[in-house]
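K.L.:
fold the stuff below for me.
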Amino acid sequence: MKIYQFPCREDNYGVILSDPDSGFVASIDAPELEPIADVLEDKRLKLTHILTTHHHGDHVAANAALKAQHGCEIIGPAKEESKIPGIDRTADHGDVLDVQSHRIEVIGTPGHTLGQIAYYFPLKGVVFAADALFALGCGRIFEGDAAMMQTALQRLAALPDDTKIYAGHEYTLSNARFALSVDPTNESLLKRAREIELLRDEQKPTLPTTLTLEKQTNPFLRCSDPAIRANLGMETATDLEVFTELRSRKDRF
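P.N.:
Reported below is the predicted structural model:
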């Protein structure tokens, strides 16, 4: 399966999956018609599916147009069915989808929205986490609460360490700056931040990332780390209290 990642809108990423053997061609969300259509035309692909993660407009804007052009099936979160344009089939946490010979495990990742889901391809070692887990960050909590978001991240963190993570936005540079503010002595983070600055200076993507890298450097996956706790003055707090404080600080950063 080939994976094409490309910029959309101001800071979104579009992703097209293509398996020439089965004919499976899927768009992870549909943030903007023109860039997606350009990739499909350039690669001579006909879209068979849209795998929608959540209802926000910058993830579903091109659903209707792509469905009209390609007759593709749209799969989306069951808890947001009424908000997903053109939806044909719903999926929820724990579901296993068989889509043109591809096994897709559905992981509930609420917090950013109440029904957000991620799509994990276990045989390919890749997860499409949308606005739940970012490189060096996590999604802003709009509809859920901190406990929901922490559970979502714990579910993703339970995947194999070598899992590749595709996220919905290029937020990594600002996430790195925040991460350094709460974890300034982390050598792995310092090294990664320098690499990210070079990539963005050259307008290159910082995604995909890996779960191994996130566990080493993403503060939202490291709430039990003594250095982060000491820096926050929360040595005896629960992991949820630390996570809540981190998310609050990031909102104000």
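K.L.:
so where does the nearest residue to Tyr13 once chain neighbours are set aside fall, helix or strand?
P.N.:
Excluding its sequence neighbours, the residue lying closest to Tyr13 (Cβ to Cβ, 6 or more residues apart in numbering) is Gln5, at 5.6 Å. C-beta coordinates here come from the backbone N, C-alpha and C atoms, glycine included. Using DSSP states H and E, Gln5 sits in strand 2-8.
K.L.:
toward the C-terminus, what is the element adjacent to that strand?
P.N.:
Counting by DSSP H and E, the element after strand 2-8 in chain order, helix or strand, is strand 12-19.
K.L.:
quick one, the helix or strand that that next one is followed by and strand 12-19 angle?
P.N.:
Sequence-wise, the next helix or strand downstream of strand 12-19 (DSSP H and E) is strand 24-28. With axes from the mean of the first three to the mean of the last three Cα atoms, to 10 degrees defining the directions, strand 24-28 sits at 170 degrees from strand 12-19.
K.L.:
what residues of whichever helix or strand comes after strand 24-28 count as buried?
P.N.:
Heading C-terminal from strand 24-28, the first helix or strand you meet, by DSSP H and E, is helix 33-42. Using 16 or more other Cβ atoms under 10 Å as the test for burial, helix 33-42 gives Leu33, Pro35, Ile36, Ala37, Val39, Leu40.
K.L.:
which residues does the nearest residue in space to the second one that is not next to it in sequence form a beta bridge with?
P.N.:
By the measure of Cβ to Cβ, 6+ apart, the closest residue to Pro35 outside its immediate chain neighbours is Cys8, 4.8 Å from it. Under DSSP bridges, the beta-bridge partners of Cys8 are Asn12.
K.L.:
number of residues surrounding Cys8?
P.N.:
Residues within reach of Cys8, counting by other Cβ atoms under 10 Å, total 23.
K.L.:
mind listing the helices in the stretch 151-253 of the chain by residue range?
P.N.:
Counting by DSSP state H, counting those that start in this stretch, the stretch 151-253 of the chain has helices at residues 172-182, 187-201, 211-217, 226-232, 239-252.
K.L.:
what sits up against the third one?
P.N.:
For helix 211-217, the external contacting residues (Cβ atoms under 8 Å, 6 or more residues apart in numbering) are 133, 135-136, 156-157, 159-163, 165, 179, 183, 186, 188-189, 192, 221-222.
K.L.:
which of these fall in strands?
P.N.:
In strands, judged by DSSP state E, the following of those are found: Leu133, Ile165.
K.L.:
which PyMOL command selects the buried ones in the contacts of helix 211-217?
P.N.:
Only the buried members of those enter the following PyMOL selection, criterion being 16+ other Cβ under 10 Å:
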select buried, resi 133+135+136+156+157+159+163+165+179+183+186+189+192+221+222
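K.L.:
nearest to Arg252 among the buried residues of helix 33-42?
P.N.:
Pro35 (32.3 Å; Cβ to Cβ).
K.L.:
Leu213 - how many residues pack around it?
P.N.:
For Leu213, the neighbour count with other Cβ under 10 Å is 16.
K.L.:
one more: the one 3 residues further on?
P.N.:
By other Cβ under 10 Å, the residues close to Gln216 number 16.
K.L.:
cool, the one 3 residues further on as well?
P.N.:
Residue neighbour count, defined by other Cβ under 10 Å, stands at 28 for Pro219.
K.L.:
among the helices of the stretch 151-253 of the chain, which is the most enclosed?
P.N.:
Among these, the stretch with the highest mean neighbour count (mean count of other Cβ atoms under 10 Å) is helix 172-182, at a mean of 20.
K.L.:
quick check: angle from that one to helix 187-201?
P.N.:
Using the same axes, to 10 degrees: helix 172-182 against helix 187-201 is 150 degrees.
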